[in-house]
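Peer 1: Test case, fold it:
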Amino acid sequence: MSSEKYINEIVKDLELAFWDERGRGARYRTTLVGVNYFKEKYGTGPADKSWEKTIDNVIDILIKEDIISKAEYNGKGNELIVEFFDCTHLDVEKGLAEKGIPPFSCPCANLVMHYIDSLIGSNSELVSVDLHDNKCVVTIGIVGSTLEEV
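Peer 2: Predicted coordinates:
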């Protein structure tokens with residue numbers, strides 16, 4: 001077993017244990033998972049004056065860190081949809097889905113939300129994570145502002 005596969009199994013087991021303890025409430029307890037690593041490494045660097053440039057910067061970092069191969073997004077009003085392709089976390093989420101546990105956390109979405117929140121001064125919410133063959137589609141709710149106002 002490779003060390004990456006081993007780490008993924010540990011993360012999957014931790015998420016499973018957390019789901020068993022909190023159920024859907026686990027979603028609201030995991031919005032900072034994965035954020036500290038990037039905050040320590042990149043600081044406020046990814047945040048820009050526009051939400052589009054901020055997301056572009058976050059995507060560039062996720063690609064540079066070899067976490068995703070690419071991402072696409074669109075947003076309007078209070079809804080932001082991001083598609084992460086070939087994410088390193090995808091196998092963990094698919095493994096949980098096979099056990100009947102819907103995806104409730106996405107470290108890549110958490111990073112997007114963190115830097116968007118730094119622009120709007122509020123907390124966005126992870127609405128959904130949908131798994132596909134080679135991508136995850138996340139829907140993020142923008143709270144307290146619209147994207148056009150950012």
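Peer 1: Which positions within stretch 30-50 qualify as buried?
Peer 2: Residues of stretch 30-50 classed as buried: Thr30, Thr31, Val33, Gly34, Phe38, Tyr42, Pro46, Ala47, Asp48 (neighbour count, 16 or more other Cβ atoms under 10 Å). Every residue, glycine included, has its C-beta placed from N, CA and C.
Peer 1: same question, stretch 123-138
Peer 2: Ser124, Leu126, Ser128, Val129, Leu131, Lys135, Cys136, Val138.
Peer 1: List phi and psi for the fifth one.
Peer 2: When you say that, I think you mean Leu131. Main-chain torsions, Leu131, degrees, to the nearest 10: phi -90, psi 140.
Peer 1: Restricted to helices, list the buried residues of stretch 123-138.
Peer 2: The helices, defined by DSSP state H, take in nothing from the buried residues of stretch 123-138.
Peer 1: max-length helix in this protein?
Peer 2: Longest helix in the chain, counting by DSSP H: helix 3-22.
Peer 1: quick revisit: which of the buried residues of stretch 30-50 sits closest to Pro102?
Peer 2: Set against Pro102, the nearest of the buried residues of stretch 30-50 by Cβ to Cβ is Thr30 (13.1 Å).
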